[in-house]
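A.B. asks: Take this sequence and fold it.
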Amino acid sequence: MEPIFIYVTVAYTVFFLSMGVVLLTVYTPHDKKLALYVSGRKVFSAAFLLIGITGATDLIFLPDVRLNGYAQVYILSAVSMIHAALNGYAYLLLQEATDRSIHLFRRYTFFFMPTILLAGALMLLFHPVSRIASFAMGVAYAVQILWTVYICRKEYLASLRAMENFSDGTLRFSWMNGVLNMTLGLALINLLSFYIIELCLPLRILSTLFYLYFAIRLMNYASVFEQISETRKEEMNCEEAIAKANISDTGQLLSAEEQYCESLGKALELWCKSKRYCRESLTIQLVAKEIGTNHTYLSVYLNKYLGCTFQKWLHNLRIEEAKTILRIHPYKPVKEISSMVGIPQSYNFSRWFKQITNISPNQWRRMDLAEELWEEPE
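C.D. replies: Here you go, the predicted structure:
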């Protein structure tokens, strides 16, 4: 092996073995609420140790052993598939995924993946089909990665929806979506490295940097997990309430609930007219209390009747108010306006404004001023 590849592999191996041990042994408070977080971290630890052991094996055996090319692809595919399965299962645990997603993933991990690996090993015994086996293992790994990312992203979006419904919006965990995107990119490079050996060096450098970032995030994830866990449970309660209320999937309320939702809508309208949404740190629990209802029923009403989550509903109200202020006070600083509508961080204000209007606050102000000048009579 080239000296630079040996140095990178040594660093890569030491990092993954070390982080695997750290994730396995780092202290976490004994709390039943964190049980799935601890389990997920242990599974990630196993994934780190697997890669570390693979790197150590490369250093010990590869200088003296030259495997058949197809056998080498099989080994790389097998290790990659096991690593991906561990990562995917741990990710689902950290999102407190639904029982259905967990069941599907376990069935794949303990039945379909072993079947694929056994079939690939048997095919390699027959030289005429070894090339087919090599290609088939690559395809199986690619399909597994796409399916795993799909399942994990689905659960991430469910957690995001729950957070938008039941949290105050101060916690951000969009980096978890970034983790999925980076994982998909690294998996593609890894797949190509089965057949293009030159990609192994950049892959190991990128993997080390990415998983260093991820490990740091993971060790500080306990508080995030607690909020995700709480909001996912609230989401389940909300869905149970929807089922009990007999609200149809189209959002049309049945006659038994029309009167209640009408009174709830009037209470919300009065609450909005008083511009109480312009306060900071509003939660769905606080708003529900102020309008005289339960936060679960408020979430049902917003999701099924108005078609949006609590956070999106709140952001829309605040951005509409910001537009009014921008129109009345065209020279007032954006930072001051963001505080006036209950968003103290101007960065978040600009981000949400652009998400809703597709333009920045300053662009909207310039367009509004231009329209006023155009409409002025001569």
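A.B. asks: Show me how this protein divides into domains.
C.D. replies: Annotated domains of the chain cover 3-231, 246-306, 308-378 [automatic domain parsing].
A.B. asks: Let's have those domains in a markdown table, adding mean neighbour count, mean pLDDT and distance to Cys238.
C.D. replies: All C-beta spots, glycine's among them, are computed from the backbone N, C-alpha and C. Listed next are those as a markdown table, based on neighbours: other C-beta atoms under 10 Å; pLDDT from 0 to 100; distance: least, C-beta to C-beta, whole Å:
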| stretch | mean neighbour count | mean pLDDT | distance to Cys238 |
| --- | --- | --- | --- |
| domain 3-231 | 17 | 88 | 7 |
| domain 246-306 | 15 | 78 | 5 |
| domain 308-378 | 15 | 83 | 10 |
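A.B. asks: show me where the stretch 251-378 of the chain has helices.
C.D. replies: Remark: helices assigned in the stretch 251-378 of the chain by DSSP state H, counting those that start in this stretch are 255-273, 284-291, 295-300, 310-328, 334-340, 346-357, 361-375.
A.B. asks: Could you dump the domains of the chain into JSON lines with distance to Asn237 added?
C.D. replies: Output for the domains of the chain, formatted as JSON lines (distance: least, C-beta to C-beta, whole Å):
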{"stretch": "domain 3-231", "distance to Asn237": "9"}
{"stretch": "domain 246-306", "distance to Asn237": "6"}
{"stretch": "domain 308-378", "distance to Asn237": "14"}
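A.B. asks: coming back round to it: quick one, which of the helices of the stretch 251-378 of the chain is nearest to Met123?
C.D. replies: Closest approach to Met123 among these is made by helix 346-357 (49.8 Å; C-beta to C-beta).
A.B. asks: could you check the angle helix 310-328 makes with that closest one?
C.D. replies: Angle of helix 346-357 versus helix 310-328, following axes from the mean of the first three to the mean of the last three C-alpha atoms, to 10 degrees, is 90 degrees.
A.B. asks: Counting by contacts, list what the one helix or strand Asn87 maps to packs against.
C.D. replies: Using DSSP states H and E, Asn87 sits within helix 69-94. Packed against helix 69-94 by the contact rule (3 or more C-beta pairs under 8 Å, 6 or more residues apart in numbering; DSSP states H and E) you find helix 35-61, helix 99-107, helix 113-124, helix 127-166, helix 175-193.
A.B. asks: now do 6 Å
C.D. replies: helix 35-61, helix 99-107, helix 113-124, helix 127-166 (3 or more C-beta pairs under 6 Å, 6 or more residues apart in numbering; DSSP states H and E).
A.B. asks: list the helices and strands the first one packs on?
C.D. replies: With contacts defined as 3+ C-beta pairs under 6 Å, 6+ apart, the secondary structure elements packing on helix 35-61 are helix 3-25, helix 69-94.
A.B. asks: what about stretch 262-281, start to end distance?
C.D. replies: End-to-end distance for stretch 262-281: 27 Å, by C-alpha to C-alpha, to the nearest Å.
A.B. asks: Please enumerate residues in contact with it?
C.D. replies: With C-beta atoms under 6 Å, 6 or more residues apart in numbering as the test, stretch 262-281 has contacts from Asp168, Ile291, Thr293, Tyr301, Leu314, Leu317, Val341, Gly342, Pro344.
A.B. asks: quick one: which of those is nearest Tyr12?
C.D. replies: Among the contacts of stretch 262-281, and counting by C-beta to C-beta, the member closest to Tyr12 is Asp168, at 40.7 Å.
A.B. asks: I'd like to know how far Tyr301 sits from Met81.
C.D. replies: Going from Tyr301 to Met81 by C-beta to C-beta, to the nearest Å gives 45 Å.
A.B. asks: angle of the helix holding Asn87 against helix 113-124?
C.D. replies: Using the same axes, to 10 degrees: helix 69-94 against helix 113-124 is 180 degrees.
A.B. asks: picking up where we left off before, in JSON lines: the helices and strands packed on helix 69-94, plus distance to Asn362.
C.D. replies: Shown next, in JSON lines, are those (distance: least, C-beta to C-beta, whole Å):
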{"stretch": "helix 35-61", "distance to Asn362": "42"}
{"stretch": "helix 99-107", "distance to Asn362": "42"}
{"stretch": "helix 113-124", "distance to Asn362": "52"}
{"stretch": "helix 127-166", "distance to Asn362": "26"}
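A.B. asks: And the ones you listed: which comes nearest Asn87?
C.D. replies: helix 35-61 (5.2 Å).
A.B. asks: Give me the spatial nearest neighbour of Val179, chain neighbours excluded.
C.D. replies: Nearest non-adjacent residue to Val179, counting by C-beta to C-beta, 6 or more residues apart in numbering: Phe214, 6.1 Å away.
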